[in-house]
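[1] starting from these lines, generate the structure:
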Amino acid sequence: MSAIRKSITRKSIYSMITVGFVMASSAAFSQNYPSKPIKFVVPFAAGGPTDLYARVIGQKLSEAWGQPVIVENKPGATGLIGSGIVKDAAPDGYTLLFTSNSAHVIGPLLHKPASFDPVADFTPITMVLRYPMYFLVANKVPAKSLKEFVALAKAQPGKLNYSSVGIGSGGHLACELINIAAGINTVHIAYKGAAPAQAALAAGEVDFMCDSVGFSQPLVQAGKLRGLAITAPKRSPAVPDVPTVAEQGVPSVEAYIWQGLFGPKGMPDAIKTKLNAEVVRIVNLPDVKDREIKGGSELIGSSPEQLVNDVNAEKAVWSKVIAEKNIKAE
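    Numbers count the residues shown, from 1 in each chain. All right, here's what the predicted structure looks like:
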């Protein structure tokens, strides 16, 4: 055997040994994981839907694995502060990002250059759930359907306005998506949070809003708001009498807010797989499913690969809306 062939053979053996060692170490690490508390970083203030879902999933994880799951709220800069903490954390599975697409997908698109790539700079684990936007109007608005609202807006371009929880939020872009699809022009008014944005609508300070069913339906039932449409391809079981946007003559509008779990880039596959399997199990627990479906959410529990595909597809949609409407971060 030539010296060159001997050298190649030795390198091949060393490579196989190294790969085997890494695989064995990863498997052992996975078996021992978690051996200490896990931290969920939520890039929003406490009390909102992302925070709520993080605490539900975190509590179930803690019960299953016998380790505390601590939720830390790190709001600011359209979610970029909290996301940055996880992006720079050690990829050992103990610091995770529980976030929404408004922070993880839309947030980076509002900044040039983008602060991070939602896929390349993280380890996607699973999309936990999603919910469509609920198109709501103030009682002062005479329109009784989305079709009537579009006619009203076309008759007085630039006169109607809507509230959102902030520039670049899911509700902001969903309303702009409807503006584009329906060919209408309305004015955005940003508020600092969901509660003041909703209060402004209930008080008649603004004309409409795109919000979640879970947050706004109690006010609809109380007669303080009217729900006209859902931005999904089919009606929501939580509000079965509310038609979709497409049913009312406005095509090509699907807008969701979702919550998902990500780790830092480079997290071991064994840890990613273990987290994915456990969170998917939790998502399908009867008490979790019942709670979220009543709130208008669709439980997902996706694979990491599907989450990557969904994020990339969504980036393309929201990039077009941001560019066409010239939306910039605050």
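[2] now the helices for this structure?
    Listed in chain order, the helices of the chain (DSSP state H) span 3-32, 49-65, 80-87, 101, 107-109, 146-155, 170-182, 194-202, 213-221, 269-283, 286-294, 304-325.
[3] and those: which comes nearest Glu247?
    helix 146-155 (8.6 Å; C-beta to C-beta). No exception for glycine: its C-beta is placed from N, CA and C like everyone else's.
[4] need the helices of the chain in a markdown table with distance to Tyr134, mean neighbour count and mean pLDDT, can you?
    Below are the helices of the chain laid out as a markdown table (distance: least, C-beta to C-beta, whole Å; neighbours: other C-beta atoms under 10 Å; pLDDT from 0 to 100):
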| stretch | distance to Tyr134 | mean neighbour count | mean pLDDT |
| --- | --- | --- | --- |
| helix 3-32 | 41 | 11 | 54 |
| helix 49-65 | 13 | 19 | 94 |
| helix 80-87 | 26 | 21 | 95 |
| helix 101 | 16 | 25 | 94 |
| helix 107-109 | 22 | 23 | 90 |
| helix 146-155 | 11 | 18 | 97 |
| helix 170-182 | 9 | 23 | 95 |
| helix 194-202 | 11 | 19 | 92 |
| helix 213-221 | 5 | 18 | 93 |
| helix 269-283 | 22 | 18 | 97 |
| helix 286-294 | 14 | 14 | 86 |
| helix 304-325 | 19 | 15 | 94 |
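[5] for the ones you listed, which one sits closest to Thr231?
    Among the helices of the chain, helix 170-182 sits nearest to Thr231 (C-beta to C-beta), with 5.8 Å.
[6] against which helices or strands is that closest one packed?
    Contact here means 3 or more C-beta pairs under 8 Å, 6 or more residues apart in numbering; DSSP states H and E; on that basis helix 170-182 packs against strand 161-164, strand 187-190, strand 208-211, helix 304-325.
[7] ok, Tyr94 - contacts?
    Pro34, Lys36, Pro37, Ile38, Lys39 (C-beta atoms under 8 Å, 6 or more residues apart in numbering).
[8] in strands, which of these appear?
    Using DSSP state E, the members of those that fall in strands are Ile38, Lys39.
[9] isn't Asn73 up against Phe44?
    Yes: between Asn73 and Phe44 there is a contact under C-beta atoms under 8 Å: 6.6 Å.
[10] who has more neighbours out of the two?
    Remark: of Asn73 and Phe44, Phe44 carries more neighbours, 25 against 17, as counted by other C-beta atoms under 10 Å.
[11] can you check which residues contact both of Asn73 and Phe44?
    In terms of C-beta under 8 Å, 6+ apart, Asn73 and Phe44 are both contacted by the residues Asp51, Gly82.
[12] who's the residue nearest the centre of the chain bridged to?
    Computing the C-alpha centroid of the chain and ranking residues by C-alpha atoms, centre = their mean puts Ser100 first, at 2.6 Å. Per DSSP bridges, the residues bridged to Ser100 are Gln259.
[13] wait, it touches Phe262, no?
    No: if you go by C-beta under 8 Å, Ser100 and Phe262 don't touch, sitting 11.2 Å apart.
[14] how many neighbouring residues does Pro37 have?
    11.
[15] of all the helices of the chain, which lies closest to Asn139?
    When these are compared by C-beta to C-beta, helix 194-202 sits nearest Asn139, at 8.3 Å.
[16] pull the residues that contact the closest one.
    With contact meaning C-beta under 8 Å, 6+ apart, helix 194-202 is reached by 48, 136-138, 163-165, 171, 189, 191, 206-209, 211, 215-216, 219, 224-225.
[17] tell me the strands beside the longest strand seen in the chain, with direction?
    For the chain, the strand with the greatest residue count under DSSP E is strand 122-132. Sheet partners assigned to strand 122-132 using DSSP bridges are listed as strand 256-264 (antiparallel), strand 298-299 (antiparallel).
[18] what is the mean pLDDT for that strand?
    Taken as a whole, strand 122-132 has an average pLDDT of 96.
[19] how far off centre is it?
    Using C-alpha atoms, centre = their mean, to the nearest Å, we find the averaged C-alpha position of strand 122-132 to lie 6 Å away from the chain's own average C-alpha position.
[20] okay, now the closest residue to Ile85 other than its chain neighbours: neighbour count?
    Sequence neighbours aside, Val41 is the residue nearest to Ile85 in space, at 5.4 Å (criterion: C-beta to C-beta, 6 or more residues apart in numbering). The burial count assigned to Val41 is 23, neighbours taken as other C-beta under 10 Å.
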